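*Asks:* Okay, sequence plus prediction incoming.
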Amino acid sequence: MARSRDGAQVQAAKAAGKNSRALQGDLVERFQPPAAEETYPHPRAATVRTLIRYAMSTGWLPEAVGGTFHIPATASVTLPGFAVTELLAAPAPSGGS
């Protein structure tokens, strides 16, 4: 799992070794009242299991070879303290000079 200041990227273990289909979900922490210190949230094991169950119910086949199954921001999955987002979606480049 990789973490950033603004969110977390969850990558589940690959079921069929290094060549199996990866599972990816980009998460951000839901709004919380400001704390005295800055925190860097990370999903707990139960949250990752919820993502895995959701992905399997929507077509993720971990034993398939190659590729990545991405959980989109529009996913109808409820995660305590987190929301699914598109952290890795890059804005379209602007034209002109």
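*Replies:* Perfect, I can see it now. Numbers count the residues shown, from 1 in each chain.

*Asks:* got a list of what residue 69 touches?
*Replies:* For residue 69, the contact set (C-beta atoms under 8 Å, 6 or more residues apart in numbering) comprises 21, 22, 23, 24, 55, 59, 60, 61. Every C-beta, even on glycine, is put in place using the N, C-alpha and C of the backbone.

*Asks:* Quick check: which element contains the third one?
*Replies:* Assigned by DSSP states H and E, residue 23 belongs to strand 22-29.

*Asks:* ok, now how distant is the closest residue to residue 82 other than its chain neighbours from residue 21?
*Replies:* Closest residue to residue 82 apart from its sequence neighbours, by C-beta to C-beta, 6 or more residues apart in numbering: residue 27 at 4.3 Å. Applying C-beta to C-beta, to the nearest Å, the value for residue 27 to residue 21 is 20 Å.

*Asks:* what about the two, which has more around it?
*Replies:* Neighbours were counted for residue 27 and for residue 21 using other C-beta atoms under 10 Å; residue 27 has more, 25 against 18.

*Asks:* so residue 65 bridges to which residues?
*Replies:* Beta-bridge pairing of residue 65 under DSSP bridges involves residue 20.
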